[in-house]
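> coords below, sequence missing:
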């Protein structure tokens, strides 16, 4: 089918210059397609809609993980954190930084012992 000089554009689609819908004087709609070689194809709109591909069904993608895989992933994460802490401590020690924990008050241990009526209590402080 060739272009009718009396055809009027009705509406254009989302890709201007590639697809358009035109109507002739009788009111018949045509799908106008611009081909890559520069030619123009006129297809009756009813035919173009009948040839449209059916909608594709979408598949559901699940993110289910195997329990063993999850356990191994958690174990690797914990091991990475522990080794990262050791590496950080090593690097701090290599650069001359020291971490010293000083308690606010002396730590004392109290030992109590009793035998029949006799009891004793000793206190050791560090």
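Received, thanks. Quick caveat: nothing in here was measured; it's all calculated off a predicted structure.
> just after the lengthiest helix in the chain, pick out the following helix or strand.
Criterion DSSP state H: the longest helix present in the chain is helix 67-94. Next helix or strand after helix 67-94 toward the C-terminus (DSSP states H and E): strand 108-115.
> low pLDDT regions in the chain?
Where the chain drops to pLDDT under 70, the residues are 1-17, 52-56, 97-99, 101-104, 106, 126.
> geometric centre of it: which residue is closest?
Centroid check for the chain by C-alpha atoms, centre = their mean gives residue 63 as the closest residue, at 11.3 Å.
> what's near enough to touch it?
Not one residue lies near residue 63 by C-beta atoms under 8 Å, 6 or more residues apart in numbering. The C-beta positions use only the backbone N, C-alpha and C, and glycine is treated the same way.
> try residue 32
Contact analysis of residue 32 by C-beta under 8 Å, 6+ apart lists 19, 20, 21, 22, 40, 41, 42.
> please redo it, this time with the cut-off set to 6 Å
Applying C-beta atoms under 6 Å, 6 or more residues apart in numbering to residue 32 gives the contacts 20, 22, 42.
> same check on residue 29?
With contact taken as C-beta under 6 Å, 6+ apart, residue 29 is in contact with 21, 23, 45.
> which residue is the nearest non-sequential neighbour of it?
residue 45 (4.0 Å; C-beta to C-beta, 6 or more residues apart in numbering).
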